[in-house]
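>>> Got a sequence here, can you build the structure:
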Amino acid sequence: MSVVHLLTHLPPDRSEEVMEELLSGRRFRVERIVSHGHVSPPGFWYDQAWHEWVLVLQGAARIVLAEPDETVALGPGDALLIPAHRRHRVDWTDPEQPTVWLAIHFD
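The predicted structure is shown next:
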């Protein structure tokens, strides 16, 4: 069995947001996401057919949810459940340090 440490071996190139699949099964997927000032493109909204639970392990982020409109600030240890088809976008991530997320996508 190998141990995975989610806060080490961060991507050295911070020009792109990096999403790495850590684990998956028939009805779920677990990802580590590393952002460094990355945000959703202007006017872009995620509208996923599955639920997503996100946990910020390091750094900080702000997510905007639609209908009803809501802005959620997240820091280390903060988690958010985004129900299927709840439109959302990443409005801000910390440009001074990597923001490391754990995301679980599930039915």
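
>>> what pLDDT, on average, does stretch 8-25 get?
When pLDDT is averaged over stretch 8-25, the result is 93.

>>> centre of the chain versus it, how much separation?
For stretch 8-25, the separation from the chain centroid amounts to 11 Å (computed by CA atoms, centre = their mean, to the nearest Å).

>>> Show which residues not belonging to that stretch make contact with it.
By CB atoms under 8 Å, 6 or more residues apart in numbering, the residues outside stretch 8-25 that reach it are 4, 29-38, 98, 100. In short, each C-beta sits where N, CA and C put it, glycine included.

>>> Narrow those to those that are buried.
30-38, 98, 100 (16 or more other CB atoms under 10 Å).

>>> Okay, strands next: where are they in the chain?
Per DSSP state E, the chain carries strands over the ranges 18-24, 28-35, 51-58, 61-65, 70-74, 79-82, 88-93, 99-106.

>>> would you turn those strands into JSON lines with distance to Trp45?
Below are these laid out as JSON lines (distance: least, CB to CB, whole Å):
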{"stretch": "strand 18-24", "distance to Trp45": "18"}
{"stretch": "strand 28-35", "distance to Trp45": "17"}
{"stretch": "strand 51-58", "distance to Trp45": "13"}
{"stretch": "strand 61-65", "distance to Trp45": "9"}
{"stretch": "strand 70-74", "distance to Trp45": "13"}
{"stretch": "strand 79-82", "distance to Trp45": "12"}
{"stretch": "strand 88-93", "distance to Trp45": "5"}
{"stretch": "strand 99-106", "distance to Trp45": "17"}
